[in-house]
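**Student:** Here is my input, please return the structure:
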Amino acid sequence: MIIIVDAYNLLRAIPPYKKTITDQERVQFIAQLSAYGRRKGHKIIIVFDGGPYKWSLKENMKTVQVVYSGIHASADDYIKEYIEDHKAKDLLLVSSDSELNRYAERLTIPSIDSSSFYQLVHQELSTKQSSVARKKQDQPIKVAQDAEQDLDTLMTEASKSIPVKSEDFVASDKGRTAKEDRLSKQERALLKKLKKL
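**Tutor:** Numbering: from 1, shown residues only. Predicted coordinates for the structure are as follows:
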């Protein structure tokens, strides 16, 4: 699947919500999406407004393509043109921009809002990190008989090793309900894409 990301729209949806983004934050953001793309097998196109040139600039990295729209066009303009040209492909738009989402909907391309997509990315990447940490911490916690540890502390420690599965976040299609059967074509397409995330 090709995931096309309205970059600044997504970056501004990540806590702490900031109006300006530093170069270091941009590089870290690209690295996160690249790691997610590698892990899930998706091609990710990250589109930023502006850039160093008048026209769009594309930088190909491992699993991501970073695009700077240039002075003459906005990221939204670039995304609209891209999805128009590639509408026959397996695409998903990541943006909270309502105008851009309506444009994609007219082309029957599903979209997901930025904060929901970031939660999926964060969950996927933290699951990998927590599974590595769990392997190191699979030793039982030994509590001295004289130590008075309250239940909250023990529960907090125990909850750090609970695995989070993608099935917990995205509903499975097993046992479809009547409501799922009434979903619109656009909603069914989005649900199909979400299952791939």
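**Student:** now the chain, which segments are flagged as low pLDDT?
**Tutor:** Scanning the chain with the threshold set as pLDDT under 70 gives 128-181.
**Student:** can you map out the helices along it?
**Tutor:** 7-11, 23-40, 75-85, 98-106, 114-136, 151-159, 166-169, 178-181, 185-196 (DSSP state H).
**Student:** And these: which comes nearest residue 47?
**Tutor:** Closest approach to residue 47 among these is made by helix 75-85 (4.5 Å; Cβ to Cβ). The way it works is simple: take the backbone N, C-alpha and C, and place the C-beta from them, glycine included.
**Student:** packing partners for the closest one?
**Tutor:** Helix 75-85 sits against strand 2-6, helix 7-11, strand 43-48, strand 91-94, helix 98-106, with contacts defined as 3 or more Cβ pairs under 8 Å, 6 or more residues apart in numbering; DSSP states H and E.
**Student:** try 10 Å
**Tutor:** Judged by 3 or more Cβ pairs under 10 Å, 6 or more residues apart in numbering; DSSP states H and E, helix 75-85 is in contact with strand 2-6, helix 7-11, strand 43-48, strand 64-68, strand 91-94, helix 98-106.
**Student:** How much space separates residue 97 from residue 86?
**Tutor:** To residue 86, residue 97 is 18 Å away according to Cβ to Cβ, to the nearest Å.
**Student:** Out of the helices and strands packed on helix 75-85, which gets nearest to residue 117?
**Tutor:** Per Cβ to Cβ, nearest to residue 117 of the helices and strands packed on helix 75-85: strand 91-94, 4.5 Å.
**Student:** Looking at residue 97 and residue 86 now, which is surrounded by more residues?
**Tutor:** Per other Cβ atoms under 10 Å, whichever of residue 97 and residue 86 has more neighbours is residue 97, with 18 against 15.
**Student:** In contact with that one, which residues?
**Tutor:** By Cβ atoms under 10 Å, 6 or more residues apart in numbering, the residues touching residue 97 are 6, 9, 75-76, 79, 103-104, 111, 113-114.
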